[in-house]
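# how would this look folded up:
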Amino acid sequence: MKILLVSQMYPGPTAPDLGTFVADLERVLAERGHELARAVVDRRGGKSRHLGLARDVLVTARRFRPDVVYAHFLVPAGFLAAAETRAPLVVTAHGTDVENARRRSAVRAATRFVARRADSIVAVSDWLRQRLEEIAPEARGKTHVIDCGVDLERFAPREQTDARARIGWEPDGTAFLCVGSLSERKNVLRLARAFERRREGSLVFVGDGPLRPALEGRPGIRLAGARPHEEIPDWVSAADVVCQPSLSEPFGLVTLEAMAAARPVVATRVGGPPEFVPPAAGALVDPEDEDALVAALATAASLPRPNEAGSAAAAEHALETQTARVEELLARAAAK
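Sure, this is the predicted structure:
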């Protein structure tokens, strides 16, 4: 198939970690023999980036003449693909797009247009599918739950001592890790307070964001900042427990990657993680209950390491398996 990939998030020179899950799916589709062209945004910020995406979608579609268009995010990427191309359309909803549609009537109208136009819609969790169908009835009956998948080779279990040596992390006691933006939605301040109440171990935040000043200088807490994409598997393997207690997490890719690397996890109950985290692999927590978060840290720290239950559960969400499911939807749409 000739597949036009449209996305408002894609890795670029100044943002190598932006939309890596989109690039991973693209790579596997290419490995499976498909020809792909892309119209994407590969940088953060800038008021003109979506105008540039609109132009690229139109120009690339006319030049490439795809059999099917595969868009990531309902609006604006899916909207532009729906409005500017005539090829069959498959679009993946990732979470922020659905939340924007729930809050803003104009985005909701655009989302419903995309849902009518699309041959198939992918939601990265059943939790997200339900939220989408509440605001866009047109998505009912054509939405499929397929997550982004985890690269099992990249996040294969590694020797913890070697991983710690490579990144220079020598923790004192139980090593807790949180990967993601230092933002309110990621619940980093409540996680920091829960960790401080344990009075044992080390907690590292990998990422950056507006709440960094509120985390600086806390005992036992290290701010590693944003790290190169290729370092993340070592950070995960160096940890004893990986934490993602977000206020909401439509899917929870970091949690799944940690499970693939055989690390116990602490994950939010709000969103996708309850659909793939078994009790033997980690603790699910109400993200607004600090007492429950303290207990969850203790529970996860007591689980076996390496955690074979987590590895086995993550294997069911292999990147290749999930891409094959998307490929089937693309082929079905193209056949029309």
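# my read is that residue 65 contacts residue 1, right?
No - with contact defined as C-beta atoms under 8 Å, residue 65 does not reach residue 1; the gap is 11.9 Å. C-beta: built from backbone N, CA, C; applies to glycine.
# neighbour count winner among the two?
residue 1 (18 against 13; other C-beta atoms under 10 Å).
# just checking, the more buried one touches residue 67?
Yes - if you go by C-beta under 8 Å, residue 1 and residue 67 touch, sitting 4.7 Å apart.
# list the residues that contact both of those two?
The contact sets of residue 1 and residue 67 overlap at residue 334 (C-beta atoms under 8 Å, 6 or more residues apart in numbering).
# restrict stretch 264-283 to CA atoms and write it as PDB.
C-alpha atoms of stretch 264-283 as PDB (Å, rounded to 0.1, in the frame of the first residue of the first chain):
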ATOM      1  CA  PRO A 264       7.600  -3.100  38.800                       C
ATOM      2  CA  VAL A 265       5.400  -0.100  38.300                       C
ATOM      3  CA  VAL A 266       3.100   2.400  40.100                       C
ATOM      4  CA  ALA A 267       0.400   3.500  37.600                       C
ATOM      5  CA  THR A 268      -2.700   5.600  37.700                       C
ATOM      6  CA  ARG A 269      -6.200   4.100  37.800                       C
ATOM      7  CA  VAL A 270      -7.500   6.800  35.500                       C
ATOM      8  CA  GLY A 271      -7.100   5.900  31.900                       C
ATOM      9  CA  GLY A 272      -5.400   3.000  30.100                       C
ATOM     10  CA  PRO A 273      -3.100   1.300  32.600                       C
ATOM     11  CA  PRO A 274      -5.800  -0.800  34.400                       C
ATOM     12  CA  GLU A 275      -6.300  -2.500  31.000                       C
ATOM     13  CA  PHE A 276      -2.800  -3.900  30.900                       C
ATOM     14  CA  VAL A 277      -1.200  -3.800  34.400                       C
ATOM     15  CA  PRO A 278      -1.800  -7.000  36.400                       C
ATOM     16  CA  PRO A 279      -1.400  -7.000  40.200                       C
ATOM     17  CA  ALA A 280       1.800  -9.000  40.000                       C
ATOM     18  CA  ALA A 281       3.400  -6.300  37.900                       C
ATOM     19  CA  GLY A 282       2.600  -3.200  39.900                       C
ATOM     20  CA  ALA A 283       0.200  -1.100  41.900                       C
END
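# flag every buried residue along that stretch.
Buried residues in stretch 264-283, defined by neighbour count with 16 or more other C-beta atoms under 10 Å: 264-273, 276-277, 281-283.
# stretch 197-216 too?
Within stretch 197-216, judged by 16+ other C-beta under 10 Å, the buried ones are 198, 201-209, 211-212, 215.
# among those, name the ones in strands.
Among those, the members found in strands (DSSP state E) are 202, 203, 204, 205, 206.
# tell me the pLDDT of residue 48.
In this model, residue 48 is scored at 86, pLDDT.
# near it, how many residues? Count them for me, please.
8.
# over to it: give its phi and psi.
phi -90, psi 0 (degrees, to the nearest 10).
# center of the chain, which residue is that?
The C-alpha lying nearest the average C-alpha coordinate of the chain belongs to residue 253 (C-alpha atoms, centre = their mean; 4.3 Å).
# quick check: that residue touching residue 148?
Yes - at 6.0 Å, residue 253 counts as touching residue 148 under the criterion of C-beta under 8 Å.
# name the residues contacting each of the two.
Joint contacts of residue 253 and residue 148 (C-beta under 8 Å, 6+ apart) are residue 21.
# show me how far stretch 276-287 is from its chain's centre.
17 Å (C-alpha atoms, centre = their mean, to the nearest Å).
# how about stretch 164-177?
Centroid separation for stretch 164-177 versus its chain: 24 Å, with C-alpha atoms, centre = their mean.
# and it, which residues are buried?
Using 16+ other C-beta under 10 Å as the test for burial, stretch 164-177 gives 164, 167, 169, 171, 174, 175, 176, 177.
# endpoint to endpoint, that stretch covers what distance?
Terminal residues of stretch 164-177 lie 12 Å apart, using C-alpha to C-alpha, to the nearest Å.
# go on, stretch 110-126?
Start and end residues of stretch 110-126 are separated by 22 Å (C-alpha to C-alpha).
# please begin residue numbering at 30 from this point
Happy to do that; since the first residue is 30 now, the last one works out to stretch 139-155.
# and it, what's buried?
Applying 16+ other C-beta under 10 Å to stretch 139-155 flags 139-144, 146-154 as buried.
# how about stretch 168-184?
Neighbour-count burial for stretch 168-184 flags 168, 171, 172, 174, 175, 176, 177, 178, 179, 180, 181, 184 (criterion: 16+ other C-beta under 10 Å).
# and the last one, that one's in a helix?
No - under the criterion used here (DSSP: H, G, I helix; E, B strand; the rest coil), residue 184 is coil, not part of a helix.
# what residues are up against the nearest residue in space to it that is not next to it in sequence?
Distance criterion C-beta to C-beta, 6 or more residues apart in numbering; nearest residue to residue 184, sequence neighbours excluded, is residue 289 at 4.1 Å. With contacts defined as C-beta under 8 Å, 6+ apart, residue 289 is in contact with 179, 180, 181, 184, 185, 339, 340, 343, 344.
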